[in-house]
Each structure stands twice: as structure tokens, then as C-alpha cells.
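Colleague: just the structure for this:
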Amino acid sequence: MQSPRPRCLGTLLTAVLAVASGTTLAQTQYRVVTPDGKVLYTDQPPSSSKARVSEVQPPPARTVPGSAPRPALPLAGPGGGPPISQRQPIPPEVSMPATVESRAEHRECMQKNAAAMSLIAAAREVIRIRDIVARLRAQGRDVAFAGPELERSWRHYKSSGGAAASPDGVSIPEDPCKASMEKVRQQAEAAQAEYQACVAAHPREMQLVSLANEVILARNALAWAERMMEEKRSNPGVAKEEWRMAERIDPLVARTALNQQFAEYRAAGGAATRVGDVQPVSNPCLVARGEARVPESSPVKRQAIMIPGSK
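Modeller: Okay, here's the model as predicted:
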């Protein structure tokens, strides 16, 4: 069975590669060859006497062009405690919603004016496709492929009550729920400002939230890369894009980066004592608002148009 690619793979790879690029090794690493030929990297020598073990020299620190290398953490803080991190992780970006009442008011308006909202959506779709066709024509490209899509959106617009005589004459009708939408927008902006103020007032708590997320991202990326490499070794002569992506992760550097991230997590007050036990930390600025999660918007579904020769 093919191993599933983790969600947000690009984010996972970026997390590991970016952090590992500036990491300095702070402890001995071992290269272990098991009796069945598997190669593992660890900071603990194995107990099995049949495994071949060798110490690995730390690779030179790699930095992202234009950025300073990240300093190594001390092995222990004052009094033998966990290392102290000077790095300030970026707090999680959150789009705060408006109040439940204003969102309910806007939904009620849209339900009462369903026909008008349907016409607005249909008009926007005609205009979207019409603009694509115009842009391609200006570039001297073939637009025959877009004809059926434009015709389909035009028929939907007319069936929704559109008054224009041709696609070129379509304009977006006045939105009867513009006022309630504006109220939602203003409240969302106020909620966002309130959230940012809360983040600024709780730097230590938000640092722990961010560090826990970093550890989890890096841990998942490393686990995925190791699964991909094992799958590659089991399927010689086969090429997969996932394997090529996994090869970009140096397991020794990535694992050392993960250990350092975990040390920072512990220094910030993280409760887990092992990397594998780290769980997401509740965002105090969302808990204070009673938000279990950030609601996602429901975008209008529309027919995608594939432009020949584009990616």
C-alpha cells in the first residue's frame, strides 16, 4: 500500500529544511546499520550487539542565503535545566471571525434574498470567464476551448433572471446584503485587532503554541521522509515524485534540528518529555473568545477552466 503524503507537504518540508539549514549539532549522533541492512540515525547508541554503530561527524552548518545562521543552544541552562532559547517563533496566523449574531444576520439576509444572490454569483461567473477570454485574445491565443464554458455560464445567468442582452453587457447587480456583509467585515477586523492585542499580551503562552506546532511539523515531515525512503529501498528501479522530495531531507541534520526544536519547546514550558508525545497547545487567545476553531468561509463553487499550455 502506498504511504499517504501528509497534508500541507510543502509546509512540512519547508519547516524541516529551513530549521535544519541553520542548526548546529549539539550532541553526538550515531549511524546504525541493523542486521537486515537498514540505516538509522539516532542520538542514542543501540542496545543490540548485532548492529554496526559508528559516530557521525557533524555536517557543516548550512544557512539560507541572506540570513544569519541560527546559534546552537547550550546543552543545559542554569542549574542543569533545559536550554534557554533566544529565538522568538512567529505566532500562528489566525483569521478571526465576526460575532455569531452578525454572521447569523448575514446568513438570514442571504436566505431571504436567495434569488438575488444567485443572480450575483451567476453574473460574476460570466464576467470571470469573459475576462479570461478577453485576456487570451489580447495575447493572440486560441479561445475556442472557453466557448462552451462561457455559453454554460451565460445560460445560467439568463435562467437566474439576468437582464443583459449579451455576455459583454453583464454587470454585477446591487447586493441586497451589502450592509450586513459590511457589518461582518467590520466586526471581523475588530476581532482581529483584539486577537493581535492578546498575542502581544501573552508572549510566553504564544511562544509555546508556536514551538509545539514547529516540533509537530518537523516530526511529521521526518517520519514521512523516512517512510518514503523505506518504500524506495523496497522498490528498486521505480521513480516517484514523493521519493525525490523526501531525498531533500538530510535525516541527520533534520533529526538534530528536531532535537533542538524540542529543547526550545521544553525551555518554553512544554509538558511532553519525548518528541513523540508533543501535542498541539491550545491557543489562549482563541480559548478566551470561546473559539474551538476558526470557521472557514464557504466560497462559491465555480467551474474551473484549464488554459492550454498553462500550469
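
Colleague: could you give the mean pLDDT of the longest helix along the chain?
Modeller: Secondary structure assigned by DSSP state H gives helix 203-234 as the longest helix of the chain. Helix 203-234 carries an average pLDDT of 90.

Colleague: buried sites along it?
Modeller: Within helix 203-234, the residues scored as buried using 16 or more other Cβ atoms under 10 Å are 205-222, 224-226, 228-229, 231-232. The way it works is simple: take the backbone N, C-alpha and C, and place the C-beta from them, glycine included.

Colleague: what helices and strands are in contact with it?
Modeller: helix 9-21, helix 241-246, helix 251-267, helix 284-287 (3 or more Cβ pairs under 8 Å, 6 or more residues apart in numbering; DSSP states H and E).

Colleague: hmm, 7 Å instead?
Modeller: Where contact means 3 or more Cβ pairs under 7 Å, 6 or more residues apart in numbering; DSSP states H and E, helix 203-234 is packed against helix 9-21, helix 241-246, helix 251-267.

Colleague: distance of Y265 relative to V281?
Modeller: Per Cβ to Cβ, to the nearest Å, Y265 is found 9 Å from V281.

Colleague: need the overlap of contacts for the two.
Modeller: Contact with both Y265 and V281 is made by residues A212, according to Cβ atoms under 7 Å, 6 or more residues apart in numbering.

Colleague: between the two, who's got more neighbours?
Modeller: Y265 (27 against 22; other Cβ atoms under 10 Å).

Colleague: pretty sure that one is touching S210, no?
Modeller: No: Y265 lies out of contact with S210 (Cβ atoms under 7 Å); the separation is 9.5 Å.

Colleague: what number of residues lie near A146?
Modeller: Neighbour number of A146 under other Cβ under 10 Å is 18.

Colleague: got phi/psi on it?
Modeller: phi -90, psi -10 (degrees, to the nearest 10).

Colleague: so what's the residue lying closest to it once chain neighbours are set aside scoring on pLDDT?
Modeller: Nearest non-adjacent residue to A146, counting by Cβ to Cβ, 6 or more residues apart in numbering: V133, 5.1 Å away. Looking at V133, its pLDDT stands at 89.

Colleague: would you confirm that V133 contacts P148?
Modeller: No: V133 is beyond contact range of P148, at 11.8 Å (criterion: Cβ under 7 Å).

Colleague: ok, the two, which is more surrounded?
Modeller: Neighbour tally, V133 and P148, criterion other Cβ under 10 Å: the higher count belongs to V133, 20 against 11.

Colleague: which residue ranges form the strands in this protein?
Modeller: 29-33, 39-42, 52-56 (DSSP state E).

Colleague: where do the helices of the stretch 101-250 of the chain begin and end?
Modeller: 114-138, 147-159, 178-201, 203-234, 241-246 (DSSP state H, counting those that start in this stretch).

Colleague: nearest to E108, of the ones you listed?
Modeller: helix 178-201 (8.2 Å; Cβ to Cβ).

Colleague: helices and strands around the closest one, which ones?
Modeller: Applying 3+ Cβ pairs under 7 Å, 6+ apart, we find helix 178-201 packed against helix 100-112, helix 284-287.

Colleague: of the ones you listed, which is nearest E241?
Modeller: Using Cβ to Cβ, the nearest of the helices and strands packed on helix 178-201 to E241 is helix 284-287, at 35.9 Å.

Colleague: just checking, what packs against the closest one?
Modeller: Using 3+ Cβ pairs under 7 Å, 6+ apart, helix 284-287 sits against helix 178-201.
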